[in-house]
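1. Dropping a prediction and its sequence here:
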Amino acid sequence: MNDRDVRLAYAHGGMDEETEQESLDRNSLLTLLILSLAAAIVPWFGQADVGVSLAFSLVSLALPAAAFRAAGQAEDETDVVRHEADWTALAPPPPAPPVRRAAPQTREVAIVGGGFSGTMLAVQLARTEGACITLIERAGAPGRGLAYGTDNPRHLLNVRAERMSAYPEDPGHFARWLAARDLGGPADFAPRRVYGLYLEQQLRQAHADSFPRLKLVAGEAIGIEADGERRRVLLEDGRAVSADAVVLATGNPPPPCLSAFADLPPHLYAPDPWGRGLADGLGRNDPVLLVGTGLTMVDAAVSLADAGHEGRILAVSRRGLLPRVHAAGPHGHASADDMAGLPLSRRLAAFRTRAADQGWRTAMDEIRPAVQAMWKALNPTEKSRFLRHLRPWWEVHRHRLAPEMAGRLDALRAAGRFEAAACTIIGAEARYGRVAVSLRPRGTDQVVRIEVARVVNCAGAESDLGRAGNRLLQSLRDAGSIRADAHRLGVDTGRNGEAIGADGFVTPGLYALGPLARGRLWEATAVPELRAQAAAMAALFGAEAPVDVAVG
């Protein structure tokens, strides 16, 4: 038996000799103390000089004091050995543990926003015993959010079912859910409203399983203020929700305000492409202008066609780029070398080489798991270059169309009812019940004027906090609780999603999740990344023991 075995045996009560030895040591110390006291007193009853008696007494008392001090140190060391032995026996450390930090003891979390990010954070936290969650959604129907709240059955997901699980630890969850209801297979692009139903059911189940710890509140958050060491969310109707931490999960903001159309009457200009009745009031053959050529534009064009509109649709953007299309069937994934440390120009060259060898879809998919790390490794100048020159091309290749949606757009184009063009909008004015729009085609100085019956804003989400129309975010920015990231892609955040205020310091108890954190993560809008962020933040708030708390 070696020394460690002996310490473990003592620590777990395996040897009675320890108790016996401690008893003997205490008896010996007591005897020494009595004898030393007697020796210290004796000189004072004799005729010895006072100084000599005092010195003799001090020496006599010093001996037991030293002995007691040594015994105490030995006992402390035994306690340390016992503690270390217990920890070693019950929880051996891994050979190379990751960087870890004890999670704060947060017990009440308020989540503002009931789209995918907010919903899945609530579901993940509901699994944590003891955590209390309040999910606040202004639409009153959390779970679906803007992306999956459409009522058009022809609006499809842009990703196959096999990659749309809400749970990072169970990638096939949604595909099994879909198949169990005879709604499709793992390779299908499911309707978005079906996916919204899936998310709603996950939330309902979590609510039933964790009641009353998970509360669902319908209302619009308009402000967040300090409440001692806690935070209080102020609702428009005068109510307030108090919590240890508040998570901003408001999703993608509405499209940017297009100044050229700001003064047009509502029947001529639709600032929200997701509004009901996009074709209401239009004649069957009325021309329509869609501003933007991304995925939102495709949804709008399909909605118009499904509503019986047969007029000409013109979609414009500065480059006129349309989303690329997914392959007809699933394709393989090649393994990628680590490009995180390469300069932006060399990464682009490596990507082009792979795209030529393996196909651009495979090249895109193979780097996707590393995109966040690659983005973080870029310096500010490289990020600016990417956003200025490569972003439009990245978007159309990264965010692809389902083949069925692409087929419908092609059919509209073949019928002469759809066209996309690269143009800059110069101005617009209402004229005789129509909108006269001035456009400058890309690469020319020529100005073209067209007349349409309606303009629809499909320009995508407005990420700039200074121009976003979200009342809550504006109030937080005005109060200095949040600030825009360096490239104005969203809210400036720390490693764990903490919101950074105008003073450059973390705002205690305030976090951002999902698309709002795009400035730090870049890839923060699709389900595979969002579900991982939600799970990581749930671990940050809910764990008792130290956890790896990096949120992206």
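-> The structure has been received and is ready for your questions.

2. Quick one: name whatever helix or strand follows the longest strand along the chain.
-> Using DSSP state E to assign secondary structure, the strand with the most residues in the chain is strand 418-431. With elements assigned by DSSP states H and E, the helix or strand that comes after strand 418-431 is strand 434-441.

3. Okay, buried residues for that next one please.
-> Across strand 434-441, burial judged by 16 or more other CB atoms under 10 Å covers Arg434, Val435, Val437, Ser438, Leu439. Any C-beta I mention is one placed from the backbone N, CA and C, and that applies to glycine too.

4. residues making contact with it?
-> The list of residues contacting strand 434-441 from outside it, by CB atoms under 8 Å, 6 or more residues apart in numbering, reads 260-261, 264, 268-269, 289, 316, 421-430, 446-455.

5. Give me the buried subset of the residues you listed.
-> Neighbour counting over these (16+ other CB under 10 Å) leaves 260-261, 264, 268-269, 289, 316, 422-423, 425, 428, 450, 452-455 as the buried ones.

6. what about the closest residue to Leu235 other than its chain neighbours, how many residues close to it?
-> Taking CB to CB, 6 or more residues apart in numbering, and ignoring the residues beside it in sequence, Leu235 has Gly219 as its nearest neighbour in space, at 4.1 Å. The number of residues packed near Gly219 is 18, by other CB atoms under 10 Å.

7. With Glu220 instead?
-> Glu220 has 16 nearby residues by other CB under 10 Å.

8. for Ala370, same thing?
-> The criterion is other CB under 10 Å. On that basis, Ala370 has 16 neighbouring residues.

9. How about Trp393?
-> As a burial measure, the neighbour count of Trp393 was computed by other CB under 10 Å and equals 12.

10. Please, which helix or strand holds it?
-> Following DSSP H and E, the helix or strand that holds Trp393 is helix 391-398.

11. Quick check: what element follows that helix along the chain?
-> Moving toward the C-terminus from helix 391-398, the first helix or strand encountered (DSSP H and E) is helix 403-414.

12. so which strand or helix has the residue lying closest to Arg408 once chain neighbours are set aside?
-> Spatial nearest neighbour of Arg408, excluding adjacent residues (CB to CB, 6+ apart): Val302 at 5.7 Å. Under the criterion of DSSP H and E, Val302 resides in helix 295-306.

13. pLDDT of that helix, averaged?
-> Along helix 295-306, the predicted confidence averages to a pLDDT of 93.

14. Please apply the same query to stretch 424-435.
-> This predicted structure assigns stretch 424-435 an average pLDDT of 94.

15. what about it, distance to the chain center?
-> Relative to its chain's centre, stretch 424-435 lies at 40 Å (CA atoms, centre = their mean, to the nearest Å).

16. Stretch 192-205 now?
-> 19 Å.

17. buried residues in it?
-> So, applying 16+ other CB under 10 Å, buried residues of stretch 192-205: Arg192, Arg193, Val194, Tyr195, Gly196, Leu197, Tyr198, Leu199, Glu200, Gln202, Leu203.

18. helix/strand/coil for the fourth one?
-> State at Tyr195, reduced to three classes by DSSP: H, G, I helix; E, B strand; the rest coil: helix.

19. Which pLDDT does the model give it?
-> For Tyr195, the pLDDT comes out at 95.

20. From Gly292, how far out is the residue lying closest to it once chain neighbours are set aside?
-> If you skip the residues right next to it in sequence, Tyr195 has Tyr148 as its closest partner in space, 5.1 Å away by CB to CB, 6+ apart. When distance is defined by CB to CB, to the nearest Å, Tyr148 is 20 Å away from Gly292.

21. now do Leu248
-> 25 Å.

22. Which one of those two is surrounded by more residues?
-> Taking Leu248 and Gly292 together and counting by other CB under 10 Å, Leu248 has the greater number of neighbours (30 against 21).

23. Buried residues, stretch 377-394. List them.
-> Within stretch 377-394, the residues that qualify as buried by neighbour count (16+ other CB under 10 Å) are Ala377, Leu378, Lys383, Phe386, Pro392.

24. Equivalent analysis for stretch 178-189, please.
-> Leu178, Gly184, Pro186, Asp188, Phe189.

25. So which residues make contact with it?
-> Taking CB under 8 Å, 6+ apart as the criterion, the residues outside stretch 178-189 that touch it are 156-162, 172, 175, 190, 194, 198, 326, 329-330, 402-405.

26. Quick check on these: which are buried?
-> Burial by neighbour count, judged by 16+ other CB under 10 Å, picks out 156-162, 175, 190, 194, 198, 326, 402, 405 from the contacts of stretch 178-189.

27. Name the nearest of those residues relative to Phe211.
-> Closest approach to Phe211 among these (CB to CB): Tyr198, at 20.8 Å.

28. ok, then the element right after the host helix or strand of that closest one?
-> Under the criterion of DSSP H and E, Tyr198 resides in helix 192-210. Counting by DSSP H and E, the element after helix 192-210 in chain order, helix or strand, is strand 214-218.

29. Direction included, what does the helix or strand just after that next one pair against?
-> With elements assigned by DSSP H and E, the helix or strand that comes after strand 214-218 is strand 221-227. Looking at strand 221-227 with DSSP bridges, its partner strands are strand 230-235 (antiparallel).

30. contacts for the partner strand?
-> Applying CB under 8 Å, 6+ apart, the contact partners of strand 230-235 are 108, 110, 112, 136, 217, 219-226, 240-246, 509-510.

31. low-scoring stretches of the stretch 251-400 of the chain, by residue?
-> Of all residues in the stretch 251-400 of the chain, those with pLDDT under 70 make up the ranges 329-341.

32. could you pull out the strands for it?
-> 269-270, 288-291, 313-317 (DSSP state E, counting those that start in this stretch).

33. excluding its backbone neighbours, what's nearest Leu342?
-> Ala350 (7.0 Å).

34. Verify the assumption that Ala122 is located in a helix.
-> Yes. Secondary structure of Ala122, determined by three-state DSSP: located in a helix.

35. And what about the nearest residue to it once chain neighbours are set aside, helix, strand or coil?
-> In space, and not counting its chain neighbours, Ala122 is closest to Leu135: 4.5 Å by CB to CB, 6+ apart. At Leu135 the chain is in strand, as set by three-state DSSP.

36. Spit out the contact partners of Leu135.
-> Contacts for Leu135 were tallied using CB under 8 Å, 6+ apart; they are Ile111, Gly114, Gly118, Thr119, Ala122, Pro142, Leu203, Leu214, Lys215, Leu216, Val217.

37. give me phi/psi at the second one?
-> Yep, that's Gly114 we're talking about. Backbone geometry at Gly114, expressed as degrees, to the nearest 10, gives phi -110, psi 30.

38. Kindly report the same for the first one.
-> Recorded main-chain torsions at Ile111 are phi -110, psi 120, according to degrees, to the nearest 10.

39. Retrieve the pLDDT associated with it.
-> In this model, Ile111 is scored at 97, pLDDT.

40. hang on, isn't it packed against Met120?
-> No. Here Ile111 does not reach Met120: they are 10.0 Å apart, not a contact under CB atoms under 8 Å.

41. how many neighbours does the closest residue to Ala532 other than its chain neighbours have?
-> For Ala532, ignoring the flanking residues on the chain, the nearest one in space by CB to CB, 6+ apart is Pro168 at 4.9 Å. Residues lying near Pro168 (other CB under 10 Å) number 19.
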